[in-house]
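# take a look and give me a structure for this.
(chains A and B)
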Amino acid sequence: MPGNINLLPKEPKKTKEVEKATRLIKNATYFIAMILTIVGPLGGLSVYKFTRDFTKLKVENETLRSSIANLESTEQGLVLLKDRVGKIQTILGNRQSIAIHAKQVEIIEALPDGLTLSETELKSDVSRVSLLATSSKALAGFLKDVSSNNHYLSLILSDLSFNPYLGFTFDLQVF
Amino acid sequence: MDKKNIFAQFSQIRNPLLVLVVTFLITAFTTFYMYGRIMFLRREIKSTQDQNKIFGDRVATLQIIRPDIESDVAKVALISLPSQNPSLFVISQINTFLNEYSLSLTRLDLNLLTNPNPEETLFEVSISFNVEGSYQNISDFITKLGDITPLVNLRQADISNSSESAEAIIELSSFWSPFPTELPPLTTSLAGLTDEEKETLKSLSNFVSPTFDESLSPRRYDPRANPFNLDNNFNPEEAL
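Residues are numbered from 1 along each chain as shown, chains lettered A, B, ... in the order given. Next comes the predicted model:
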C-alpha cells in the first residue's frame, strides 16, 4: 500500500527571534508607510499651493515689468532730473560771490553825504570796497553805522590814508 | 547555529525586509523631493515678492513723479545745467541784460577751465568781459547774473567808479555736464525727488531763461525758375 509522499520542502519552523524580527520590520514598515501617507499628500498640497502662489507672483511680476517698460521715458527723465538737480545744488552751494556782492552794494547804497565810492573788488577770497571820505566826521559816522550792522560775517577796515586834497581814502574788506 | 539555519531564518524575513527598504526609499525620496521643491518655491516666492515690492514702489514713484518730469520745471533744470558748453546761451543772456541796463561791452573772452577731478562730470567754462556804464546799472547787472540760466558763478567783479561812469571787469563761470548714460538696475529701489530737490527746482523756476525763438517754422522749398529751361512752345525767331 503506497504511503503519502510529500515532495514539497517543509517550511522551516519560525523561531522566536525570526518572529520578533519580522514583527519589528512590519511595524517599522507600517510606521514609514504612515509617514509616507502623511508626507506625500501634505507635500503634494504644499507644492501645489506654493506653485500656484509662485505662478500668481510671476504674472504680477510680468505685469509690473511691463508697467515699468511703459514708464521708461519717465524713469529716464527722473534719473536725468535727479542728476541735474544734484549737480545744480553743488553749483548753487558754491555760489557765495553774488551774496557778497549784495553786501558790497548794501554798503555802497547806504553811503552818507561826504563819502564816495572809488572801486570795488570781488574774487573768491577778496571782497574789498575802496571809499573816499571828505571829512573825518563823515568817516566816523559811516564807520559807526556800518559797524553796528550785524549783516556781515567780517568787516575789516584797512589802508586808511589822508590826502589834503581828496580827504580820507580807506578800504573795507566785506564778507 | 549553523550557516544553513541562518540562511533559512534570513529567507523568512527577506520579504518583509524588502518591503521595508522599498517603503523607506520611497518615503525618503518623496520627503527629500518635496522638501527641496517646497524650499525652492519658498525662496523663489520670497525673491519674487521682494522684487514685486520694489517694482510696485518703482511704478508708484514713476506715476507720482510723471507730471513733474513732464513739467516746465524739469526743462528749466536742463537749461540751468545743459549737457554741452552753454557759452552761447550765457553770452546771449549777458547781451540781453547789457541792453536792459544800458551797459556797453568792451571785451569778451572765453576760456575752457580744466577739470581738476577727472572723475567729476561737471565741466566749467570761464566767460570774462568788461562793461561800461553807471555804477548802479553795473551793480544791478551783476546782481541779475545770479538769477539767470544757464547757471553762472561770479568769479570776479572789479568795479572802478568815477564821477562820469564806471567800468567793471567781470568773470563768470558757467557749467555743463553730460547726461547720464545708464539707468539704475531694475532690481534696485528708485527714489523720487526729495523735498530739498523739489525746493531747488522751484527756486530755478524763478530764474530767467534764455529766450528761444520758436516762431520760425520750416518753409516749403520753392526752387527758383530755371531761366534756361525753355518752354517747348518758345520760338526764338518770334522772339527776335
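# map the structural domains onto the sequence of chain A.
A:15-95, A:97-174 (automatic domain parsing).
# quick one: pLDDT of the residue of chain B found nearest chain A?
The nearest approach of chain B to chain A comes at B:Met34, 3.0 Å away (Cβ to the nearest Cβ). Backbone N, C-alpha and C define where each C-beta goes, glycine included. In the predicted model, B:Met34 carries a pLDDT score of 91.
# in which helix or strand would I find it?
helix B:3-69 (DSSP states H and E).
# what segments of chain A are strands?
A:115-122, A:127-133, A:155-163, A:167-174 (DSSP state E).
# now these as JSON lines including distance to chain B and mean pLDDT?
Below are these laid out as JSON lines (distance: least, Cβ to the nearest Cβ, whole Å; pLDDT from 0 to 100):
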{"stretch": "strand A:115-122", "distance to chain B": "4", "mean pLDDT": "92"}
{"stretch": "strand A:127-133", "distance to chain B": "9", "mean pLDDT": "93"}
{"stretch": "strand A:155-163", "distance to chain B": "16", "mean pLDDT": "88"}
{"stretch": "strand A:167-174", "distance to chain B": "13", "mean pLDDT": "90"}
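# out of those, flag the one nearest B:Phe141.
Proximity to B:Phe141, assessed across the strands of chain A by Cβ to Cβ, is greatest for strand A:115-122 (13.5 Å).
# against which helices or strands is that closest one packed?
On a contact count with 3 or more Cβ pairs under 8 Å, 6 or more residues apart in numbering or on different chains; DSSP states H and E, strand A:115-122 meets helix A:97-109, strand A:127-133, helix A:136-148, strand B:152-161.
# and for the last one, what's in contact with it?
When contacts are taken as Cβ atoms under 8 Å, 6 or more residues apart in numbering or on different chains, the neighbours of strand B:152-161 outside the stretch itself are A:91, A:94-95, A:97-98, A:101, A:116-124, B:90, B:126-128, B:135, B:138-139, B:142, B:145-146, B:166-175.
# which helix is the longest one in chain A?
In chain A, with assignment by DSSP state H, the single longest helix is helix A:16-70.
# ok, and the closest non-adjacent residue to the residue in chain A that chain B sits nearest to?
As assessed by Cβ to the nearest Cβ, chain B sits closest to A:Gly43 within chain A, at 3.0 Å. The shortest distance from A:Gly43 to any non-neighbouring residue, by Cβ to Cβ, 6 or more residues apart in numbering or on different chains, is to B:Met34 (3.0 Å).
# tell me the contacts of the one you found?
Neighbouring residues of B:Met34 by Cβ under 8 Å, 6+ apart: A:39-40, A:43-44, A:46-47.
# turn those into a markdown table, columns for pLDDT and neighbour count.
Listed next are the contacts of B:Met34 as a markdown table, based on pLDDT from 0 to 100; neighbours: other Cβ atoms under 10 Å in any protein chain shown:
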| residue | pLDDT | neighbour count |
| --- | --- | --- |
| A:Val39 | 90 | 16 |
| A:Gly40 | 91 | 15 |
| A:Gly43 | 91 | 18 |
| A:Gly44 | 92 | 13 |
| A:Ser46 | 93 | 17 |
| A:Val47 | 93 | 16 |
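# closest to A:Val146 out of those?
Nearest to A:Val146 among the contacts of B:Met34, counting by Cβ to Cβ, is A:Ser46 at 82.9 Å.
# show me where pLDDT drops low in the chain?
This is for chain A. Residue ranges of chain A with pLDDT under 70: A:1-3, A:9-12.
# wrong chain, I was asking about chain B
Filtered on pLDDT under 70, chain B yields the residue ranges B:1-4, B:115-119, B:212-240.
# one more pass at 50, please.
For chain B, not a single residue meets the criterion pLDDT under 50.
# and it, what are its domains?
Following automatic domain parsing, one gets these domains for chain B: B:1-70, B:76-180+B:193-204.
# buried subset of the contacts of strand B:152-161 as a ChimeraX selection?
To isolate the buried ones among the contacts of strand B:152-161 in ChimeraX, judged by 16 or more other Cβ atoms under 10 Å in any protein chain shown, type:
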select /A:91,97,98,101,116,117,118,119,120,121,122 /B:90,126,127,128,135,138,139,142,145,146,166,167,168,169,170,171,172,173,174,175
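# and the residue of chain A closest to chain B, what does it touch?
A:Gly43 neighbours (Cβ under 8 Å, 6+ apart): B:30-31, B:33-35, B:37-38.
# now render those residues as JSON lines, adding distance to B:Ser47.
Shown next, in JSON lines, are these (distance: Cβ to Cβ, whole Å):
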{"residue": "B:Thr30", "distance to B:Ser47": "26"}
{"residue": "B:Thr31", "distance to B:Ser47": "24"}
{"residue": "B:Tyr33", "distance to B:Ser47": "21"}
{"residue": "B:Met34", "distance to B:Ser47": "20"}
{"residue": "B:Tyr35", "distance to B:Ser47": "18"}
{"residue": "B:Arg37", "distance to B:Ser47": "16"}
{"residue": "B:Ile38", "distance to B:Ser47": "15"}
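# from those residues, which would you call buried?
By 16+ other Cβ under 10 Å, the contacts of A:Gly43 give B:30, B:34, B:37-38 as buried.
# just put these in a markdown table and tack on distance to B:Gln63.
Listed next are the buried ones among the contacts of A:Gly43 as a markdown table, based on distance: Cβ to Cβ, whole Å:
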| residue | distance to B:Gln63 |
| --- | --- |
| B:Thr30 | 47 |
| B:Met34 | 41 |
| B:Arg37 | 37 |
| B:Ile38 | 36 |
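# farthest-apart pair in those, please.
B:Thr30 and B:Ile38, at 11.9 Å, using Cβ to Cβ across these.
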